[in-house]
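Participant: Build me a model from this:
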Amino acid sequence: MHRCLGVPELVSFDATVVPESHGELLLEGLVYLDVESSPIGDPVRAGQYLRAFFPKLRRIETLHGMLLDAAYELGAGVAPGILESHVGWKKVETVLRGGDIKNL
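Facilitator: Numbering: from 1, shown residues only. A predicted model of the protein is given here:
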């Protein structure tokens, strides 16, 4: 993975409200995004918005995904909010890949 100089490694998003996209800026180099524990509202709108600016973005990672993996390995449960946020961002990832989230 390549990093851009001067760009922080972690960026937090609040995707509970998604503005209309007018495609003012297109960044074609971004293919992976780690959203950590950023909140998510409508995954379809968030995915469409991100795709408008980052057409090659295909992979979304979450802090929750790492926590879920660790909890699974330990046989522990997780709080419902953690799972819901992770699932929401995975739906965004499906939208970015051109998939349909209705069957998820």
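
Participant: What segments of this protein are strands?
Facilitator: All strands of the chain, identified by DSSP state E, fall at 32-34, 59-61.

Participant: Tell me the helices and strands packed up against the first one.
Facilitator: This points to strand 32-34. Other helices and strands packing on strand 32-34, by 3 or more Cβ pairs under 8 Å, 6 or more residues apart in numbering; DSSP states H and E, are strand 59-61. In short, each C-beta sits where N, CA and C put it, glycine included.

Participant: Could you name the helices and strands sitting against the strand it packs on?
Facilitator: Against strand 59-61 (3+ Cβ pairs under 8 Å, 6+ apart) you get strand 32-34, helix 80-96.

Participant: Given it, what are its sheet partners and their directions?
Facilitator: Partners of strand 59-61 in the sheet, by DSSP bridges, are strand 32-34 (parallel).

Participant: from the middle of its chain, how far away would the strand it pairs with be?
Facilitator: How far strand 32-34 lies from its chain's middle: 7 Å, per Cα atoms, centre = their mean, to the nearest Å.

Participant: Over to stretch 29-36?
Facilitator: With Cα atoms, centre = their mean as the basis, the mean position of stretch 29-36 lies at 8 Å from the chain mean.

Participant: State the pLDDT value of G98.
Facilitator: G98 carries a pLDDT value of 89.

Participant: Can you give me the neighbour number for it?
Facilitator: By other Cβ atoms under 10 Å, the residues close to G98 number 9.

Participant: do you know how far it is from L67?
Facilitator: 28 Å (Cβ to Cβ, to the nearest Å).

Participant: go on, V92?
Facilitator: 18 Å.

Participant: More neighbours: which of these two?
Facilitator: Per other Cβ under 10 Å, whichever of V92 and L67 has more neighbours is V92, with 28 against 17.
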